[in-house]
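Participant: Build me a structure from this.
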Amino acid sequence: MVEEVDRDAPLGPHPLQVVIATDDHKFELNEEAVGQLLLREDVKDKKVVIVSVVGAFRKGKSFLLDFFLRYMNAGNGSDPTDDSWIGRSDQELDGFHWRGGTDRDTMGILMWSEPFFRTLPTGEEVVVLLVDTQGAFDNQSTVKDCATVFALSTMVSSVQVYNLSQMIQENDLQHLQLFTEYGRLAMEEGSDATPFQGLHFLIRDWAYGYEFECGSAGGEKYLEKTLSTQDAQHEQLRSVREHIRSCFESVTCFLMPHPGLKVATQRSFKGHLTDIDDEFKTQLSQFVPDMLASKNLVIKKINGSKVTGSNLLEYFRSYMKIYDGEGLPEPKSMLEATAEANNMSAVNNGRDAYIKEMNEVCGPGTPYMSALDLENAHDRHRQAAINLFRTTKKMGSKKFCDEYEDKLCAYMDELYDQYVTSNDSKNVFTGAKTPATLVVLILVAHLMGYIFEMFYFSQGDQLVDYVWWLTSIMLIAWCYVKYSGQYRDLGAWIDSIACLIWQQVLCEIYAAALGVMGIKLPWAATAAAEMAFKEKKNQ
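Facilitator: This is a model prediction of the structure:
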């Protein structure tokens, strides 16, 4: 099921759902609707100005945008000459849908269906588009949902209004860093241009006018204090601020007072100006022109190139494909990222402990040890590493930590295979097994030839001659492969044949002979056990 704006065949200008939020936490481009707007004859070839508002849910973003609409509609194609654009005292506020309460209202990304045309001081006519976005951090949105909406709106807007309540807090900056980085990853690489254009902090319900006065002047002073960096500052705090400054061409701030108790507490509030405090209306009459007056409009640029309506549609398509694909990492909350780093550190500690102990047993410079002893050492130190991981204090649920314990076990099992290979290479007989087996076959064939010749068994004599010649050729070929390093596949094939003969023929004959003579040597039993163990591992 797809959630869309609740509009039953709206007449006239209306909010247009351009990015649809689905129930499975994905986003779809409403390409038909976007195309109808951006491919209009009077829009597609004109440069566009996109003003978007983002922020936490239920903080008045749509409410603010409806005053943007009043301003743009009041001038009849030009900027209003006075403050009458703010509306009549008894006029209801309409446009982008808004309401009071605690439940989220806007879903996905909305764009006003009617473009506004303005002439810049340069004489160029541009198209102004207003964008509303799904609120972040509600109880139904994942971190990826919030990051995707914020990043997409930042990528397509020329001015992004970051709507915050009361003050700029450190977590607001950290979220901004995460979301803008998620957007920057999706931008085309290879350009030295700053990835985004204008960021405007709008601080709602500002209550500290005695320290920084409401408006743009006080906002700039407050922003300078908040984003300033110092040498004594913690690296994490300094990094967040430097990241924000580097991602936007301009960063500004406006301090907006509270609109009044009637706005916040009355369910019946419909946007009447009589219910809004005068100070809020005064600052609103300054803030909105700061954003939308012709002299302040900013044409959208991507990689330094100005964007037209038709260009914007192509960018929408491109960006949506990126966020629908697997090319971007999954954004994580700060808790998830910390828990991941914490568990990964415990994994590394366990792995390092395992490597240290195993190197003392069978590492470089140590002599060959039996396969059974090596397996016992592996089991012992593997369990010790797991116990170290489990006793390390970690963040995250048990299921989350178990996933990292599985990673640790996989690391150690992979390392054990390497230790087995290294240990086998130390066994002198391992390298001599193939030539020894072939030499034994040659000698046996030679001996059997004398026996068959003595008893005039010509067919048997001829057969062992074939075996003698074939084995001699294999021995010569094996020596050449080992000396030259060429034809390694042939060498591997000869090794496998010799190993098969060794295990299935010579060892069986040797064990049977010992049994006939009633001899039971401890080292022979150990060798047989090792051989059986290796066969089991290979299977």
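Participant: and the spatially closest residue to Val19 that is not a sequence neighbour, how many neighbours?
Facilitator: Nearest in space to Val19, with sequence neighbours left out and distances taken as CB to CB, 6 or more residues apart in numbering, is Ile109 at 3.8 Å. In short, each C-beta sits where N, CA and C put it, glycine included. Neighbourhood size, Ile109 [other CB atoms under 10 Å]: 27.
Participant: and if you look at Lys44?
Facilitator: If you count neighbours by other CB under 10 Å, Lys44 ends up with 18.
Participant: can I assume it is in contact with Ser310?
Facilitator: Yes: taking contact to mean CB atoms under 8 Å, the distance of 4.2 Å between Lys44 and Ser310 places them in contact.
Participant: Find residues that contact each of the two.
Facilitator: Listed as contacting both Lys44 and Ser310 by CB atoms under 8 Å, 6 or more residues apart in numbering are Leu38.
Participant: Next, the contact list for Leu388, please.
Facilitator: Contacts for Leu388 (CB under 8 Å, 6+ apart) come out as Ala346, Asn349, Gly350, Ala353.
Participant: again, only using 10 Å
Facilitator: Neighbour list for Leu388: Ala346, Asn349, Gly350, Arg351, Asp352, Ala353, Tyr354, Leu408 [criterion: CB atoms under 10 Å, 6 or more residues apart in numbering].
Participant: pLDDT on the helix or strand where Gln197 lies, on average?
Facilitator: Of the helices and strands defined by DSSP states H and E, Gln197 is found in strand 196-204. For strand 196-204, the per-residue pLDDT values average out at 87.
Participant: Now find how far off-centre that strand is within its chain.
Facilitator: In terms of CA atoms, centre = their mean, to the nearest Å, the centre of strand 196-204 is found 26 Å from the chain centre.
Participant: and it, which strands flank it?
Facilitator: Strands adjacent to strand 196-204 in the sheet, as given by DSSP bridges, are strand 159-165 (parallel), strand 248-255 (parallel).
Participant: coming back round to it: relative to Lys225, how far out is the residue nearest to Val19?
Facilitator: As judged by CB to CB, to the nearest Å, Ile109 and Lys225 stand 32 Å apart.
Participant: follow-up on the earlier one: deepest of the strands paired with strand 196-204, which one?
Facilitator: When you average the neighbours per residue for each of the strands paired with strand 196-204 (mean count of other CB atoms under 10 Å), strand 159-165 leads with a mean of 23.
Participant: Surely Asp94 is in contact with Leu69?
Facilitator: Yes: with contact defined as CB atoms under 10 Å, Asp94 and Leu69 form a contacting pair (8.4 Å).
Participant: The two: which has the busier surroundings?
Facilitator: Neighbours per residue, other CB under 10 Å: of Asp94 and Leu69, the larger number sits with Leu69, 19 against 12.
Participant: Hmm, that one is touching Val51, no?
Facilitator: No: in this structure, Leu69 is not within contact of Val51 by CB under 10 Å, at 11.1 Å.
Participant: In contact with the nearest residue to Asn296 once chain neighbours are set aside, which residues?
Facilitator: What sits nearest to Asn296 in space, not counting adjacent residues and going by CB to CB, 6+ apart, is Asp290, at 6.1 Å. Residues counted as contacts of Asp290 (CB under 10 Å, 6+ apart) are His200, Gly215, Ser216, Gly219, Thr252, Phe254, Asn296.
Participant: Need the residues you listed in a markdown table (columns: distance to Gln383).
Facilitator: Listed next are the contacts of Asp290 as a markdown table, based on distance: CB to CB, whole Å:
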| residue | distance to Gln383 |
| --- | --- |
| His200 | 58 |
| Gly215 | 66 |
| Ser216 | 65 |
| Gly219 | 60 |
| Thr252 | 59 |
| Phe254 | 61 |
| Asn296 | 68 |
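Participant: filter the residues you listed to the buried ones?
Facilitator: Listed as buried from the contacts of Asp290 are His200, Gly215, Ser216, Gly219, Thr252, Phe254; burial here means 16 or more other CB atoms under 10 Å.
Participant: I'd like to know the beta-bridge partner residues of the residue lying closest to the fourth one once chain neighbours are set aside.
Facilitator: In space, Gly219 comes closest to Cys253 once its chain neighbours are excluded; the distance is 3.6 Å by CB to CB, 6+ apart. Judged by DSSP bridges, the bridge partners of Cys253 are Phe201.
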